[in-house]
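S.K.: Sequence and predicted structure below; questions after.
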Amino acid sequence: MDKLIEYLPILIPIIVLELGLMIAAIVHILRHKTYRIGNRTIWILVCFIQIIGPIAYFVFGRGDE
Amino acid sequence: MNAFIAFFKKEMMESIRTYKFYILAVVFVLFGFMNPIIAKVMPDLLGSLLPDGMTITLSEPTALDAWGQFYKNGSQMGIVILVVMFSGIMANEFAKGTLVNILTKGMARPTVIFSKLAAASIQWTISYLLCIVITYGYTAYFWTMAGVENLFISLLGLWIFGELMISFVILGGILFRSLYGSLLFTGGLVVAMTILSIFPQTSSFNPVTLSTMNLALLTSGYEVSKFLSASLVTIVGMIISIFASVVVFNKKQI
């Protein structure tokens, strides 16, 4: 636990960036109805897969407005 | 030149509006933070995962471990994300027919390729630089940079490799007109080069060397001259790929 606190200054930006990407993807999913492939449930679940999930959504799932 | 600047601006704006640039930058910034921290905590992590009574001796992490993480992340995940991000760079234009209007108004076809290449290169360069700066900062803070040799050439190598990937993606997109064609073309070429790299003799002129031998270069386990000749081959390959893109695109029906 001491170690964790020691590294906290570096861990915080990592957590913020990762959460930010995930939240951005989920907000985008909820605000758009159509996706290139898949549906809303699948993409929301995919978004929780670490860092690659939100990226996969923006690259493959994001439909054209 | 005006057409180039206009189309370049359009490309950059498209990347920003479709979140491509943000994602690329965020991913590389994340890598930048993760590289030194993973190298730092890896021994503790391994130690805590082992069952009681079992001990392994791990040497103290050094700056080299952080750069090892950098090249592992950068050359695998980083390059994959770069290729996936830009896989639609030509294919989407073909699919939507958005090039027809511009080309019939008299814009030269090679300008399309060069401005796309420039836009993609700039995004790759900025993301890569962010990753380097963050990794370098934390690595220098945790450890000293002593014992790390040829860092600049080694970093430059991976950058050139990324540029080669961008030119492959564009060529693949023009040849096959589809996102998946572009991905498969680039992936196929990388696999072919990787298979070639099984033979150690080929390493001095194989572009894959630029993404696999970086760490060996830092410890002087690989010759700089071989690395430089591989870089030269890569640059030539990139020019050939761009030239082929221009030739094929000039004859392509939009």
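M.R.: That came through fine.
S.K.: Quick check: which ranges of chain A have low pLDDT?
M.R.: In the predicted model of chain A, residues A:1-4, A:64-65 satisfy pLDDT under 70.
S.K.: which bits of it sit near chain B?
M.R.: A:3, A:7, A:10-11, A:13-14, A:17-18, A:20-21, A:24, A:51, A:54-55, A:58-59, A:62 (CB under 8 Å from any CB of the partner chain). For the C-beta atoms, the positions are set from N, CA and C on the backbone; glycine is no exception.
S.K.: If we use 7 Å, what do you get?
M.R.: Neighbours of chain B within chain A, by CB under 7 Å from any CB of the partner chain: A:3, A:7, A:10-11, A:13-14, A:17-18, A:21, A:51, A:55, A:58-59.
S.K.: Whichever residue of the stretch 151-254 of chain B sits closest to chain A: neighbour count?
M.R.: Of all residues in the stretch 151-254 of chain B, B:Leu179 sits closest to chain A, at 9.0 Å by CB to the nearest CB. B:Leu179 has 22 neighbours, counted by other CB atoms under 10 Å in any protein chain shown.
S.K.: Nearest spatial neighbour of it, chain-adjacent residues omitted?
M.R.: Spatial nearest neighbour of B:Leu179, chain neighbours left out: B:Ala91 (4.4 Å); criterion: CB to CB, 6 or more residues apart in numbering or on different chains.
S.K.: Go through the helix or strand containing that neighbour and flag the buried ones.
M.R.: Assigned by DSSP states H and E, B:Ala91 belongs to helix B:88-96. Residues of helix B:88-96 classed as buried: B:Gly88, B:Ile89, B:Met90, B:Ala91, B:Asn92, B:Glu93, B:Phe94 (neighbour count, 16 or more other CB atoms under 10 Å in any protein chain shown).
S.K.: ok, so of the residues you listed, who is nearest chain A?
M.R.: B:Gly88 (8.2 Å).
S.K.: Now for the closest one: which residues touch it?
M.R.: Counting by CB atoms under 7 Å, 6 or more residues apart in numbering or on different chains, B:Gly88 touches B:Leu179.
S.K.: roughly how far apart are it and B:Leu164?
M.R.: Separation of B:Gly88 from B:Leu164 (CB to CB, to the nearest Å) stands at 19 Å.
S.K.: cool, and B:Glu223?
M.R.: Using CB to CB, one obtains 21 Å as the distance from B:Glu223 to B:Leu164.
S.K.: and B:Ser32, which of the three is it?
M.R.: Careful, residue B:32 is Gly and not Ser. What DSSP: H, G, I helix; E, B strand; the rest coil gives for B:Gly32 is helix.
S.K.: Helix or strand: which one has residue 28?
M.R.: With no chain named, the answer covers chain A. Here A:His28 sits within helix A:2-31, counting by DSSP H and E.
S.K.: should've been chain B
M.R.: Using DSSP H and E, B:Phe28 sits in helix B:20-49.
S.K.: ok, for B:Leu99, nearest residue in space, not its chain neighbours?
M.R.: Excluding its sequence neighbours, the residue lying closest to B:Leu99 (CB to CB, 6+ apart) is B:Glu93, at 4.8 Å.
S.K.: Show me the residue at the heart of chain B, geometrically.
M.R.: B:Gly162 (2.8 Å; CA atoms, centre = their mean).
S.K.: ok, that one touching B:Gln123?
M.R.: No. Counting by CB atoms under 7 Å, B:Gln123 is not a contact partner of B:Gly162; they are 10.4 Å apart.
S.K.: This completes my enquiry, with thanks.
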